[in-house]
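Q: Fold the stuff below for me.
(chains A, B and C)
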Amino acid sequence: MTRRLEAIVVPLAAALSALMLAGCGERPQVVDYKQGTYSGKPDTPAWSNAPFNGNEQEWTNVLKQRAQNQNEYKRIGG
Amino acid sequence: MAGHDDPVMSRAMRAARSLAVVVAWAALSAMPAHAQSPALNADDAASAKAQQLQQETQPLNNQPVWSEVRSGRPQVTQVRGRETNVLIQQGGQTWRALRNGQVAVYGGWAIVVILVAIAAFYLWKGPLRLHSPMTGRKIRRFLPFQQLIHWTTATAFVVLAITGIILGFGKSMLLPILGHTLFSWLAQIAKPLHNFMGPVFAVCTVIIFFTFVRRNWWRAYDMVWIRKFGGMLSGHDVPSGKFNAGEKLWFWGGVLFLGVVVSASGFVLDFANFDQTRQTMQWANIIHLAAACLFMMAGLGHIYMGTIGMIGAYQAMKTGYVDETWAREHHLYWYEDVKAGRVDVEAVPSSKEPAVKPRPA
Amino acid sequence: MARMKFLCDAERCIECNGCVTACKQEHEIPWGVNRRRVVTMNDGVPGERSISVACMHCSDAPCMAVCPVDCFYKTDQGVVLHDKDMCIGCGYCFYACPFGAPQFPQLGAFGVRGKMDKCTFCAGGPEPDGSAAEFEKYGRNRLSEGKLPVCAEMCSTKALLAGDGDVLADIYRDRVLRRGKGAEVWGWATAYKAPAGGNGAPRPAGATPAPSAGPAAPQGGKS
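A: From the prediction side, this is the model:
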């Protein structure tokens, strides 16, 4: 009985401790993320579909222009 | 009266009334601003007054406003909800630093160290064996109800520990291996399991406390047991009552103290509908994690001694009976009590189940 | 590369809650969830200030750091988004966030938390842009249509600004120079001298009269 128990518990404890040891490594708090990229997550950039169809420059210009709508000095010619 | 109104008189009266209004308005305007009611609720009176003075002396200085933004004090908002009237809460950063820093690192390492220490001890000394051959005569150690409550609590404990480790350390241990989707499924199973098993464990803690408290009172011979470390290193058996000092420490420190701390802090996190503030939940979470790590460390020791660490211990809780030799070597005082018929009520044999089982024929 | 930001001008916000309403309407947000809210300080006394606050799309976002399933991600433009399929509703992001941005629809008894919901800067989620699935989970994806967040675009006093940080900075600098007040807290007057004229309010003691900057401010800033 004890032998059989040992045969189960010892490898289990070994596997568990190996797994726990893996948690103590120095890792960044956000896994699989690189600054300025979508890596790891299945999303596409905002300009990938119609009406921009992948034209990032056009998208940037449109948004910049649109942001200027918030400047009433420019909008009403103040 | 209207019919008798003299138009001239009426005009004069109207003029007088207008004048009175203008004078009253001018008088009101001329009053210093801080003579008005300073704030809608009394709590804000001081800061509102300071802000008013600020407006008069330094109209271009917005510094008090931005200190107020960062203060975390409740303000006014039309949006209903928990703490929607607080602009910036600063406790979150402290919680994040503790949760991802000290608690995770030291808690995680402590569990690993205990595991390694137990494994090393097992390889060095091996399990505690009996010195004399077994007699084959069995003594009842646990009643069926005691076994039931023990195994119910044990199951809840193990489920909570495993799901807790998945939620607490899984991001750094399992996520890189399993990937986001698979680990998320695992966590989505672990979280409800943890949340529903928690109250079960809390109820079990209360029941198991009253079930075993009678034989866990501290006795003088327990100090001797502690000083000799239960004979674990020397190999000489140290006499003890029904429960030895190690078991009593686990009972009072683990089951009672840590059990209550973990359950209470867990309830704060589990039932989010009592309008606890974020600060309450942050501290409850830190206490919960720290206590849970200690609990798991102590639990590992208990599980080790109850399974592979001591020959015969597992059989005691599994079947409810122990061999006479085992009782004499590990729990001498209890053995003597049983032999002398001084057994306590919980172990009194019913007519069907004798306290001392005859040797099977 | 654009870096998306919100900017709320506390000198202009009139606590109309239009941004709150517009956000709820645009994304069809359920009861009990408010991605944006307006908070008023010193309510009812001179010097009252209101600020509209939602997710601030932090660079080092605490929610990302504490999420146990790592469901958050950040777009190229610095917008913090999350994947509701991965979210387990643990509430950790709610503990960590300084601004109270994460919201949880109540799923069942005892306040059981559903999937977290927060401001997406009108940028949707991981689903295909503009799809029905994306709308149901995260609301409209205005950025992919070449539009800015609805809360800022419809703000009646233009207190709430949204868009690329550089553009917003230009707009706000221009505004502050013209009205002569509003950014003193970070030492504007010290760095660039106090603007002449201003709004006629008395100057703080010791402030030197500045060579005129206000009236001759460049038209609309650089664009």
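
Q: close enough to count as contact, B:I311 and B:H131?
A: No: using CB atoms under 8 Å, B:I311 is not in contact with B:H131, being 11.0 Å away. Using the backbone N, CA and C atoms, a C-beta is placed for each residue, glycine as well.

Q: Please say which of those two ends up with more neighbours.
A: Neighbour count, other CB atoms under 10 Å in any protein chain shown: between B:I311 and B:H131, B:I311 has more, with 18 against 11.

Q: and the more buried one, what is it in contact with?
A: Going by CB atoms under 8 Å, 6 or more residues apart in numbering or on different chains, B:I311 touches A:2, B:127-130, B:326.

Q: Which one (most neighbours) among those residues?
A: B:W326 leads the contacts of B:I311 on contacts (other CB under 10 Å) with 24 neighbours.

Q: Tell me where the stretch 101-250 of chain B has strands.
A: According to DSSP state E, counting those that start in this stretch, the stretch 101-250 of chain B carries its strands in the segments B:138-140.

Q: Where does the prediction get shaky in it?
A: Within the stretch 101-250 of chain B, the set of residues satisfying pLDDT under 70 is empty.

Q: For it, give the residue positioned nearest to chain A.
A: B:M173 (3.9 Å; CB to the nearest CB).

Q: isn't B:M281 right up against C:A96?
A: No: assessed by CB under 8 Å, B:M281 is found out of contact with C:A96, at 10.8 Å.

Q: For B:M197, see how far away the residue of the stretch 101-250 of chain B closest to chain A is.
A: 21 Å (CB to CB, to the nearest Å).

Q: ok, which residues in the stretch 151-300 of chain B are in contact with chain A?
A: B:165, B:169, B:171-176, B:180 (CB under 8 Å from any CB of the partner chain).

Q: try it again with 7 Å
A: B:169, B:171-173, B:175-176, B:180 (CB under 7 Å from any CB of the partner chain).

Q: Now a ChimeraX select for only the buried ones of those residues.
A: ChimeraX command restricting those to the buried ones, with burial defined by 16 or more other CB atoms under 10 Å in any protein chain shown:
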select /B:169,171,172,173,175,180
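
Q: From the residues of the stretch 151-300 of chain B next to chain A, pick the one nearest B:A272.
A: When those are compared for distance to B:A272 (CB to CB), B:K171 wins out at 21.5 Å.

Q: list the contacts for the nearest residue to the closest one once chain neighbours are set aside?
A: Nearest in space to B:K171, with sequence neighbours left out and distances taken as CB to CB, 6 or more residues apart in numbering or on different chains, is C:P68 at 5.4 Å. Applying CB atoms under 7 Å, 6 or more residues apart in numbering or on different chains, we find C:P68 in contact with B:167, B:170-171, B:187, C:90, C:92.

Q: want to try JSON lines for these, with distance to A:K64 as columns?
A: Shown next, in JSON lines, are these (distance: CB to CB, whole Å):
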{"residue": "B:L167", "distance to A:K64": "43"}
{"residue": "B:G170", "distance to A:K64": "42"}
{"residue": "B:K171", "distance to A:K64": "38"}
{"residue": "B:A187", "distance to A:K64": "40"}
{"residue": "C:C90", "distance to A:K64": "39"}
{"residue": "C:Y92", "distance to A:K64": "36"}
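
Q: farthest pair in these?
A: B:G170 and C:Y92 (12.8 Å).

Q: So these two - more neighbours on which side?
A: C:Y92 (26 against 22).

Q: Now do the more buried one against B:H150, distance only.
A: 33 Å.

Q: Just give the nearest non-adjacent residue to the residue in the stretch 151-300 of chain B that chain C sits nearest to, would you?
A: For the stretch 151-300 of chain B, the residue closest to chain C is B:N273, as judged by CB to the nearest CB, at 2.9 Å. Nearest residue to B:N273, sequence neighbours excluded (CB to CB, 6+ apart): C:G111, at 2.9 Å.

Q: Tell me, how many residues neighbour the one you found?
A: When neighbours are counted by other CB under 10 Å, C:G111 comes out with 17.

Q: Next to chain C, which bits of the stretch 201-350 of chain B? Give me the list.
A: So the stretch 201-350 of chain B meets chain C at B:271-273, B:278, B:281-282, B:285 (CB under 7 Å from any CB).

Q: pLDDT below threshold where in the stretch 251-361 of chain B?
A: B:343-361.

Q: contacting residues around the residue of it found nearest chain A?
A: Going by CB to the nearest CB, chain A is nearest to B:I308 of the stretch 251-361 of chain B, at 5.5 Å. Under the criterion of CB under 7 Å, 6+ apart, the neighbours of B:I308 are A:2, A:5-6, A:9, B:122, B:127.

Q: How far off centre is stretch C:21-34?
A: 16 Å (CA atoms, centre = their mean, to the nearest Å).

Q: now stretch C:107-119
A: 23 Å.

Q: Can you mark which positions in it are buried?
A: C:111-119.

Q: Could you identify the most distant pair in those residues?
A: C:V112 and C:C119 (23.0 Å).

Q: hang on, the earlier thing: and B:M281 and C:A96? which has more neighbours close in?
A: C:A96 (26 against 21).

Q: Once you drop chain neighbours, what's closest to that one?
A: C:P62 (3.8 Å).

Q: Run a quick check on that neighbour versus B:G92, I expect a contact.
A: Yes: counting by CB atoms under 7 Å, C:P62 touches B:G92, with 5.9 Å between them.
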